[in-house]
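J.: pasting the sequence and the predicted model now:
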Amino acid sequence: MSSSSLLWCLLVVCVLTVVQIYAAEEPKVLKVFNLHATDLHSSLLGTPDAYVEVFRAYGFLGRTEVKKDNRDPSWKEEFSFLNARENNILRLEVYDSDINSDDLLGTCERSIKIGTWKHQCFLKKGGILNYSYTLEPLQ
């Protein structure tokens, strides 16, 4: 057997192994909740009209409502997503809604773990985003 054929066989075996491990993993539910920001940055135009966009792994998952004129907003929305995997990246982006274009106040990223967790994230333009998430088996 030539060395290139051997390399191809090894590659196929590795890919199949990874696929089997990934397929055998039990699907999980990711819930994101208790979103609350404090001391958000105020622009020259005034107090922020803040909202949060939520992303997991490869895509957009949802957006909170805009909280007008509030430096310390809380959002009631809860986001639930099926087929989450441990170590997927959870990304939360905090924006100030404006007439022309929305300003990104900061981004929070975290590799998710099994269990229920509370986190605090310092935003690039000032302020803090607090949030919780749960990653648990699908029931």
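T.: Yes, it's here. Numbers count the residues shown, from 1 in each chain.

J.: thought residue 31 was touching residue 84?
T.: No - counting by CB atoms under 8 Å, residue 31 does not reach residue 84; the two are 9.2 Å apart. From N, CA and C alone the C-beta is placed, and that goes for glycine too.

J.: all strands of this protein, in order?
T.: Here the chain has its strands, by DSSP state E, at 28-38, 50-56, 59-63, 74-75, 79-84, 89-96, 103-111, 115-122, 128-137.

J.: can I get the ones you listed in a markdown table including mean neighbour count, mean pLDDT and distance to residue 44?
T.: Shown next, in a markdown table, are the strands of the chain (neighbours: other CB atoms under 10 Å; pLDDT from 0 to 100; distance: least, CB to CB, whole Å):
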| stretch | mean neighbour count | mean pLDDT | distance to residue 44 |
| --- | --- | --- | --- |
| strand 28-38 | 18 | 96 | 20 |
| strand 50-56 | 21 | 96 | 16 |
| strand 59-63 | 13 | 91 | 25 |
| strand 74-75 | 16 | 98 | 25 |
| strand 79-84 | 16 | 91 | 32 |
| strand 89-96 | 20 | 97 | 12 |
| strand 103-111 | 16 | 96 | 11 |
| strand 115-122 | 12 | 97 | 22 |
| strand 128-137 | 18 | 97 | 22 |
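
J.: give me the number of residues near residue 138?
T.: Per other CB atoms under 10 Å, the neighbour tally for residue 138 reads 10.

J.: any common contacting residues for residue 31 and residue 84?
T.: residue 135 (CB atoms under 8 Å, 6 or more residues apart in numbering).
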